[in-house]
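# All I have is the shape, not the residue letters:
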């Protein structure tokens, strides 16, 4: 029938009916897809954690079964949501952001299921430990392709989730999407950095000749900015994949009490930390700039021993306690047995009571270092728990690394291994810091406790950040009276009293506002370091006393909401919080 037989009114009604049919089909299609997508997502996301938990398991059949199930759920979820129909529906008001979050999540979980987790599950954990004291460099190098595949899929997953807020999802999906964003946020940066380092790994492991790495064992019982004094130093050598100890030293093997720093120092560093950073080997770890610590360590080592240094690694006794969870207990030549639960107490407290003589303490620490090294270099550990222990220590800023090879150092860009503070803050993620340096010249940091809270005030155009540190000397007088002179020598303060220097760092681009001690405004030394404003405060804590220190910085109008704080890794756990100050 010709359109001429239809009146304009009839044509309008027909068009409206057709549009309505399209809309109904659109709503029905999206509705059915949404039902399938949410159902499959809720099944897939828990499997991501399950697969991660099964890495390194001897039950390869169970791992393969979990991966296969994950892939099925993820593929079905993505097929249901990643359609042109769904993308059109995302433009709708109110429901659009929710639809976008769900579709993006199906893409992310499918990329994990197809490109990341299968690759990681195929990696033989045995490659993570040396066989007969030697790493298989060729086998590790063969992982370059699979790691690249996994890193690319991780980037796609992270890109899909960029801007997705799980709180906009329906209640039943909120927890799974939060779990998913957390998994991607943890995996993707690590994969990217490993991928960047893979071409350099063979050389780092001594394929082309020996590589010598200086290992600093920071003693947290005497706090310094990145942990403690580096009283024990070990030169590790990697040659042809074989790991060995080339030399050992203590702080007494270096020329200290120098008239001038061993290398030139930035005047701002001197203002904020004094020039002792470069005059005493025990103070090279005072600042959060681990690149500077590495340069100083190299200079002291080269002056005393004359051998090359390709890189500097730093760990602490707390890291050793984590590693002992993978190796199991080790027995020292002294007959002492170190376990994950008592290593920190023995290494940072008991040893001083048992061995008042410095030389005996050095021998004990050297024995501990050699025995832990032997357990690791022999491959006598569980690889997955070992990796988990190292990752935990890295997350707590207890493991640091600096390479003097520019390509290797570049591959670590953005990694916590480079130091606790990011080189420059992402505007969305302002980072603050507080770093502790003991002034007592004893081992009393073992008895200190610290907490740090960042109070964010967004009631004006530019936010302010107030870092409030509660610093506690938990030592009682009776315990102090029983401590040996090396631990509590009362050189600068009364016995049991702890003097502490703290450096507060603001976010990149912020400015110093003011400081207070126990609620009273005080004038403090200020400066700039690592592109950030810094406030330096000094506090004295007699036994069983608490002081509260606060330093405020003003940020920029464009600062994001994800403020965080980093700090010196102490012996005792440091509780950190970030709170928003309510506007009144």
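All right, it came through fine. Everything numeric in this text was worked out from a predicted model, so none of it was measured.
# which helices and strands does the strand or helix carrying residue 367 pack with?
Here residue 367 sits within helix 358-377, counting by DSSP states H and E. Using 3 or more C-beta pairs under 8 Å, 6 or more residues apart in numbering; DSSP states H and E, the elements in contact with helix 358-377 are strand 227-239, strand 242-250, helix 317-327, strand 330-331, strand 337-338, helix 351-354. Placement of C-beta: from N, CA and C, glycine included.
# what's the closest of the ones you listed to residue 417?
Counting by C-beta to C-beta, residue 417 lies closest to helix 317-327 out of the helices and strands packed on helix 358-377; the figure is 12.6 Å.
# who wins for proximity to residue 398 among the helices and strands packed on helix 358-377?
Checking these against residue 398 by C-beta to C-beta gives helix 317-327 as the closest, at 4.7 Å.
# who touches that closest one?
Where contact means C-beta atoms under 8 Å, 6 or more residues apart in numbering, the residues beyond helix 317-327 that reach it are 217, 219-220, 330, 338-341, 343-344, 347-348, 368, 372, 375-376, 380-383, 385-386, 388-390, 392-393, 396, 398-399, 569, 571.
# next structured bit after the helix holding residue 367?
Sequence order places helix 383-395 as the next helix or strand after helix 358-377, per DSSP H and E.
# circling back to that earlier point, can you add mean neighbour count and mean pLDDT and give the helices and strands packed on helix 358-377 back as CSV?
Formatted as CSV, the helices and strands packed on helix 358-377 follow (neighbours: other C-beta atoms under 10 Å; pLDDT from 0 to 100):
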stretch, mean neighbour count, mean pLDDT
strand 227-239, 23, 93
strand 242-250, 17, 91
helix 317-327, 22, 92
strand 330-331, 16, 89
strand 337-338, 18, 90
helix 351-354, 17, 87
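# can you put the ones you listed in a markdown table and add distance to residue 212?
Listed next are the helices and strands packed on helix 358-377 as a markdown table, based on distance: least, C-beta to C-beta, whole Å:
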| stretch | distance to residue 212 |
| --- | --- |
| strand 227-239 | 5 |
| strand 242-250 | 6 |
| helix 317-327 | 21 |
| strand 330-331 | 25 |
| strand 337-338 | 27 |
| helix 351-354 | 28 |
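# and residue 114, which of these is closest to it?
Closest to residue 114 of the helices and strands packed on helix 358-377 is helix 317-327 (C-beta to C-beta; 30.6 Å).
# what angle do the closest one and helix 383-395 make?
170 degrees (axes from the mean of the first three to the mean of the last three C-alpha atoms, to 10 degrees).
# just the buried members of the contacts of helix 317-327?
Burial by neighbour count, 16 or more other C-beta atoms under 10 Å: within the contacts of helix 317-327 this picks out 217, 219-220, 330, 338, 340, 343-344, 347-348, 368, 372, 375-376, 381-383, 385-386, 388-390, 393, 396, 398-399, 569, 571.
# if we can go back for a sec, compare the helices and strands packed on helix 358-377 and give me the one nearest residue 557.
Nearest of those to residue 557, taken as C-beta to C-beta: strand 227-239 at 35.8 Å.
# So what touches stretch 563-574?
Residues from elsewhere that reach stretch 563-574 (C-beta under 8 Å, 6+ apart): 220-221, 223-227, 288, 316, 318, 344, 348, 396-398, 420-421, 429-436, 445-446, 448-452, 454, 456, 465, 467, 507, 576, 578.
# Now, the residues you listed that are in helices?
Of the positions in the contacts of stretch 563-574, 318, 344 sit in helices, assigned by DSSP state H.
# Mind checking which of the contacts of stretch 563-574 are in strands?
Among those, the ones falling in strands (DSSP state E) are 220-221, 223-224, 227, 431-436, 448-452, 454, 456, 465, 467, 576, 578.
# So what's the residue count around residue 357?
Around residue 357 there are 9 other residues, counting by other C-beta atoms under 10 Å.
# Quick one: residues contacting the residue most central in space within the chain.
Closest residue to the average C-alpha location of the chain: residue 395 at 2.8 Å, with C-alpha atoms, centre = their mean. Listed by C-beta under 8 Å, 6+ apart, the contact partners of residue 395 are residue 416.
# what does the one 3 residues further on give?
Counting by C-beta under 8 Å, 6+ apart, residue 398 touches 227, 315, 316, 318, 319, 569.
# With residue 480 instead?
With contact taken as C-beta under 8 Å, 6+ apart, residue 480 is in contact with 488, 495, 496, 543.
# Give me the neighbour count for the first one.
Residue 488 has 25 neighbours, counted by other C-beta under 10 Å.
# Check the last one too.
Using other C-beta under 10 Å, residue 543 is surrounded by 20 other residues.
# how much space between the spatially closest residue to it that is not a sequence neighbour and residue 203?
Leaving aside its chain neighbours, residue 543 sits nearest to residue 496 (4.1 Å; criterion: C-beta to C-beta, 6 or more residues apart in numbering). Distance of residue 496 to residue 203, given as C-beta to C-beta, to the nearest Å: 51 Å.
# Which one of the two is surrounded by more residues?
Between residue 496 and residue 203, counted using other C-beta under 10 Å, residue 496 has the larger neighbour count: 24 against 17.
# Look at the more buried one and give its secondary structure.
Recorded secondary structure, residue 496: coil (DSSP: H, G, I helix; E, B strand; the rest coil).
# going forward can the numbers begin at 56, since that is how I track them
Shifting the count to begin at 56 puts that one at residue 551.
# picking up where we left off before, next, give me the two most distant ones among the contacts of residue 453.
Within the contacts of residue 453, two members stand farthest from each other by C-beta to C-beta: 370 and 624, at 10.2 Å.
# My reading is that residue 606 lies in a strand. Confirm?
Yes. Judged by three-state DSSP, residue 606 forms part of a strand.
# dump the residue contacts of it.
Counting by C-beta under 8 Å, 6+ apart, residue 606 touches 521, 522, 559, 561, 567, 569, 570, 579, 590, 592.
# Show the residue spans covered by the helices in the stretch 56-205 of the chain.
Here the stretch 56-205 of the chain has its helices, by DSSP state H, counting those that start in this stretch, at 63-109, 115-136, 139-144, 151-166, 172-177, 192-196, 199-216.
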